[in-house]
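Chemist: Just to be clear, the model below is a prediction. Sequence and coordinates:
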Amino acid sequence: MLNRHLCLRLWTAAAAAALASTASAQKAVQLRLIPSGFSDKIGQYKPVAVTLSTETPESVKKLPADLKNTKFGALPFTTSTGNPATVAVGERDGRSFLFIDANTNGDLTDDREPKWQPKEVRGEDSHVFKHYYGTVELPLATAAGAPPVQLVLYLFDPADLARAEHKDKLFCYSDF
């Protein structure tokens with residue numbers, strides 16, 4: 001009687017041989033870019049935390065006027081210029097604003113404004129917090145002529161003690 005390990009190896013070898021013999025008869029698979037809405041189609045997403053700092057990066061040459069409490073980070077996404085996009089989160093008139101240097105030229109005032117909206121969330125003690133959610137379209141680095149692709153971003157209210165470990169984090173995930 002053959003042991004299970006040997007049976008598994010023989011089965012794997014037979015399957016590999018069968019696939020190899022039919023591979024030449026197969027047509028190439030055509031992939032189509034879905035620039036936005038992909039996370040809804042697959043029913044999941046995996047956010048990445050971007051650490052925000054009050055230190056202005058050397059790459060930033062121009063900021064929008066009147067921003068207060070501005071924090072900066074680098075999105076984990078390489079744009080068509082081959083560089084990561086710098087992100088700035090600041091406040092004006094009691095509201096959070098998001099700016100992204102999508103063209104990576106150091107000017108955070110000449111890029112398309114991302115969608116960025118507050119959402120009121122009730123905490124455990126019935127206190128209402130303002131979390132911010134939004135989207136931005138960025139040029140895809142590896143595909144010349146491809147449409148811009150969408151990133152989804154969100155920021156928790158720093159006053160929300162239940163999420164205190166995330167107070168200096170901006171979360172984002174690709175939606176393409």
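Modeler: Received it, and whenever you're ready, just let me know what you need.

Chemist: What segments of the protein are strands?
Modeler: All strands of the chain, identified by DSSP state E, fall at 48-51, 68-78, 84-92, 95-101, 115-122, 128-138, 149-155, 169-174.

Chemist: Quick check: which ranges of the protein have low pLDDT?
Modeler: Within the chain, the stretches with pLDDT under 70 are 1-26, 31, 33, 38, 80, 141-144.

Chemist: Adding mean neighbour count and distance to K27 as columns, could you present the strands of the chain in CSV?
Modeler: The way it works is simple: take the backbone N, C-alpha and C, and place the C-beta from them, glycine included. Output for the strands of the chain, formatted as CSV (neighbours: other C-beta atoms under 10 Å; distance: least, C-beta to C-beta, whole Å):
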stretch, mean neighbour count, distance to K27
strand 48-51, 15, 35
strand 68-78, 18, 31
strand 84-92, 20, 37
strand 95-101, 21, 40
strand 115-122, 13, 39
strand 128-138, 18, 32
strand 149-155, 21, 27
strand 169-174, 20, 28
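
Chemist: out of the ones you listed, which comes closest to A28?
Modeler: Proximity to A28 (C-beta to C-beta) singles out strand 149-155 among the strands of the chain, at 23.1 Å.
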